[in-house]
Every structure is written in C-alpha cells, then in structure tokens.
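# Show me the folded form of this:
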Amino acid sequence: QPQQPQQQPQPQPPAPLTPQSASPTRPAGSPSTPLDVAPDDPRLQTIQGIEESAREYHTQVEQHIMAVTQKSEPQAKLQKSHLELEEMLMRLLLKLDSIEAAGSQTVRGARKSAVVHVQRVQGLLQRVKPMISPP
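Numbers count the residues shown, from 1 in each chain. I've put the predicted structure just below:
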C-alpha cells in the first residue's frame with residue numbers, strides 16, 4: 001500500500017501586534033498584570049518626574065550634538081556644556097538608584113525603564129565626547 005504523504009500543519013498567521021501603552025503605573029511592554037502599588041504611589045510619581053527630566057535632557061543633548069558637529073560655539077563652552085549634561089544625567093541615575101522597589105514589580109519595572117532611557121541619552125552624549133576632548 002503506497003504511503004500517503006503527511007500533511008504539514010499550516011502555519012497560523014501571527015497575532016496582530018497591538019502596542020501596549022506606557023502609563024505611570026505600568027512600563028511600556030510590561031505584561032497586563034494587576035498593579036501591586038497604587039497609581040499615585042510616590043515612588044511612581046518620582047520616576048515619572050525623572051522620566052520627564054530625561055526627555056528634557058534628551059532634547060538638550062540633541063542640541064549639544066548639533067553644536068558640536070557644526071562647531072557653532074567655542075570649544076570651552078562646548079566642553080562645559082558637555083560636562084554639565086553628563087552630571088545631570090548621572091544625577092538622574094542616582095535618584096533612580098535611591099528608589100526602593102520593596103518587592104513591587106511595578107516600581108521595579110518603571111525604574112528599570114527609566115534607567116534604560118537615561119542610559120540611552122548618556123550614550124548619545126558620549127558619541128561626541130571625542131570631538132570636544134582636549135588633545
């Protein structure tokens with residue numbers, strides 16, 4: 001008796017991707033699980049404030065990068081600006097480091113997301129450091 005070829009199961013199309021919204025109580029991309037802290041928890045409010053500061057510094061870093069690449073300002077001024085931005089970003093990381101999650105996955109996730117954001121901005125800033133460093 002001839003063998004029947006086995007039919008391969010047809011792959012299912014992927015489920016549509018729906019963006020998970022970032023909220024003050026749930027970091028973007030986190031699973032939809034119940035919150036383990038109140039939405040108005042002071043730790044989350046502090047993290048939100050730090051995220052806002054990080055967005056503002058991101059804008060300043062982009063302006064600084066433009067000034068460095070276009071050499072539109074004196075070298076000494078660019079160096080001072082660079083150091084100030086480095087210092088402010090480091091302070092944000094230190095503030096985030098001082099926030100105790102105390103077992104809260106919500107606080108931990110929000111803090112981690114904010115740390116990654118600040119580190120990305122630091123990375124952008126570091127790319128132009130060789131262009132303004134003294135010889």
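# Return the helix or strand in the protein with minimum mean pLDDT.
helix 129-132 (a mean of 91; mean pLDDT, DSSP states H and E).
# quick one: buried residues of it?
residue 132 (16 or more other C-beta atoms under 10 Å). C-beta here means a position set from N, CA and C on the backbone, and glycine is covered the same way.
# which secondary structure elements does that helix contact?
helix 42-70, helix 75-97 (3 or more C-beta pairs under 8 Å, 6 or more residues apart in numbering; DSSP states H and E).
# what about those, which gets the closest to residue 103?
helix 42-70 (11.9 Å; C-beta to C-beta).
# Can you give me the buried ones in that closest one?
Buried-residue list, helix 42-70, by 16+ other C-beta under 10 Å: 43-44, 46-47, 50-51, 53-54, 57-58, 60-61, 64-65, 67-68.
# Where does the prediction get shaky in this protein?
Counting by pLDDT under 70, the ranges of the chain that qualify are 1-35, 135.
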